[in-house]
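S.K.: Okay, sequence plus prediction incoming.
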Amino acid sequence: MDERVPLVAPSAPENMRSGRVGMPWRRIRGISAYQRYDIQQVAKWIEQVLPFWLLLLVVFIRQHLQGIKQDKLSKFVEYCLATA
C-alpha cells in the first residue's frame, strides 16, 4: 500500500533525478545566478516606476489634447471676430 509517486519524471535530466539540491534549470538553460538577479532587479524597478510613467503619459496626452482644443477654439474666436 505504500505506493510512492516520483517527484521527477523518469525522462528528466540526470542531475534532477540524482536528488541534488539546487536549481538544475540554471545549468540546463545556461542562466547564471547573476543574470537571474539582474532580471529580478529590473522587474522590481519596472514595478516601482511604471505607475508613474503611465500617469505622466496620461497627463501628457490630456494636456496635448487640451492644447489642440484650445488652439482650435482660439482660431474659431479669431475667425468670428474677424468676420463680425
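M.R.: Right, received. Where do you want to start?

S.K.: helices and strands around the lengthiest helix in the chain, which ones?
M.R.: In the chain, ranked by residue count with DSSP state H as the criterion, the top helix is helix 33-83. In terms of contacts (3 or more C-beta pairs under 8 Å, 6 or more residues apart in numbering; DSSP states H and E), helix 33-83 is not packed against any helix or strand. For every residue, glycine as well, the C-beta is placed using N, CA and C.

S.K.: Looking at it now, give me its mean pLDDT.
M.R.: Here the mean pLDDT over helix 33-83 is 87, rounded to a whole number.

S.K.: Near Ile61, how many other residues are there?
M.R.: Taking other C-beta atoms under 10 Å as the neighbour definition, Ile61 ends up with a count of 10.

S.K.: so how far is Ile46 from it?
M.R.: From Ile61 across to Ile46, the span is 21 Å (C-beta to C-beta, to the nearest Å).

S.K.: what's the answer for Lys69, then?
M.R.: In this view, Lys69 and Ile46 are 33 Å apart by C-beta to C-beta.

S.K.: Equivalent analysis for Ile39, please.
M.R.: With C-beta to C-beta as the criterion, Ile39 and Ile46 are 11 Å apart.

S.K.: same question, Gln66
M.R.: As for Gln66, its distance to Ile46 is 29 Å (criterion: C-beta to C-beta).

S.K.: Then Asp71?
M.R.: Between Asp71 and Ile46 the distance, using C-beta to C-beta, works out to 35 Å.

S.K.: same check, this time on Tyr34
M.R.: Separation of Tyr34 from Ile46 (C-beta to C-beta): 19 Å.

S.K.: List the contacts of Arg62.
M.R.: Contacts of Arg62 were listed using C-beta atoms under 8 Å, 6 or more residues apart in numbering, and none were found.
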